[in-house]
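Novice: below are the sequence and a predicted model; questions follow.
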Amino acid sequence: MTISERIMSFLQDRSEGIDDDELAKILGLKARQQANSRCRQLAKEGLVIRRQLQGKIHNFWARKPIPDTLVNTPYSSNDVSKFELWFWEGKVQAQVVRYLESQHYSIQSVADTARHQQGKDIVAERNGKQLWVSVKGYPRGTPKTNPSVQAGHWFKQAIFDVVEYRGQDKSVLLGVALPDYPRYRSLTKKTTWFKAIADFRYFWVKQNGEVSVE
């Protein structure tokens, strides 16, 4: 899919619209300008409506009615701050998407992690072979929950995704994308036997954005 096709597919399921910055993050684009230029062109073609909300231009799918009442900001102030953290799930996802594109994968779909969209976090394809990736960030923790404990739960969710995906397709390539934290590294060492059986790979994302594959 081209960038324009990915934008159109995304906007069709998002009646509340999205600004260029968030669109670029979610789709894993290299720069905000890519989202801006494609959306401006789609607007000229009558496929996208660009409307200013709270000082920022939001993009809407032109073939769906725009809700009469829109929240002032899509996320709470606490959530907004997490978008800047390198280990936030959306950031990890975006870095892996960029890496896969550099490896000549065609990105088929990218889930909206900011809104906890259900489904596969990344679906990519190369040489007729699909790759499904489950993406997790690293928890900040709460007054009642230690980040290390919560990370264990998130890791188990990712492993269960692998179990479910392998049950859906025995031949598809599978991956788990994680921020490169010692806690996650430790957990993977305890499940090496399962990795061999389920046949999947880890995508490790470092703070500088570098991605390595295990």
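Specialist: Thanks, I have it.

Novice: after the helix or strand of the chain with the lowest mean pLDDT, which helix or strand is next?
Specialist: Lowest on mean pLDDT, DSSP states H and E among the helices and strands of the chain sits helix 77-82, with a mean of 46. Where DSSP states H and E defines the elements, the next helix or strand beyond helix 77-82 is helix 89-102.

Novice: the helix of greatest length in the chain - contacts with which helices or strands?
Specialist: Longest helix of the chain, by residue count under DSSP state H: helix 147-168. Helix 147-168 sits against strand 129-135, strand 173-179, helix 182-189, helix 192-198, with contacts defined as 3 or more C-beta pairs under 8 Å, 6 or more residues apart in numbering; DSSP states H and E. Glycine gets a C-beta too; all of them are placed from N, C-alpha and C.

Novice: any idea of the angle the second one forms with strand 129-135?
Specialist: Read that as strand 173-179. 30 degrees (axes from the mean of the first three to the mean of the last three C-alpha atoms, to 10 degrees).

Novice: give me the most central residue, this structure.
Specialist: Per C-alpha atoms, centre = their mean, the C-alpha nearest to the average position across the chain is that of residue 93, at 4.1 Å.

Novice: report pLDDT for that one.
Specialist: For residue 93, the pLDDT comes out at 90.

Novice: check contacts around it.
Specialist: By C-beta atoms under 8 Å, 6 or more residues apart in numbering, the contact set of residue 93 is 28, 110, 111, 113, 121, 122, 135, 177.

Novice: what residues are up against the third one?
Specialist: Going back to what we said before, that points to residue 111. Contact analysis of residue 111 by C-beta under 8 Å, 6+ apart lists 93, 117, 118, 119, 120, 121, 122.

Novice: now the fifth one: which helix or strand?
Specialist: Mapping residue 120 onto the secondary structure by DSSP H and E places it in no helix or strand at all.

Novice: for it, grab the count of nearby residues.
Specialist: Using other C-beta atoms under 10 Å, residue 120 has 22 other residues around it.

Novice: show me the contacts for the residue lying closest to it once chain neighbours are set aside.
Specialist: Nearest residue to residue 120 in three dimensions, chain neighbours excluded: residue 132, at 4.9 Å (C-beta to C-beta, 6 or more residues apart in numbering). Counting by C-beta under 8 Å, 6+ apart, residue 132 makes contact with 120, 122, 123, 165, 172, 173, 174, 175.

Novice: and stretch 180-193, which residues are buried?
Specialist: Using 16 or more other C-beta atoms under 10 Å as the test for burial, stretch 180-193 gives 180, 181, 183, 184, 187, 188.

Novice: I would like the residues contacting that stretch, please.
Specialist: By C-beta under 8 Å, 6+ apart, stretch 180-193 touches 87, 138, 147-148, 151-152, 155, 159, 178, 195, 202, 204-207, 212, 214.
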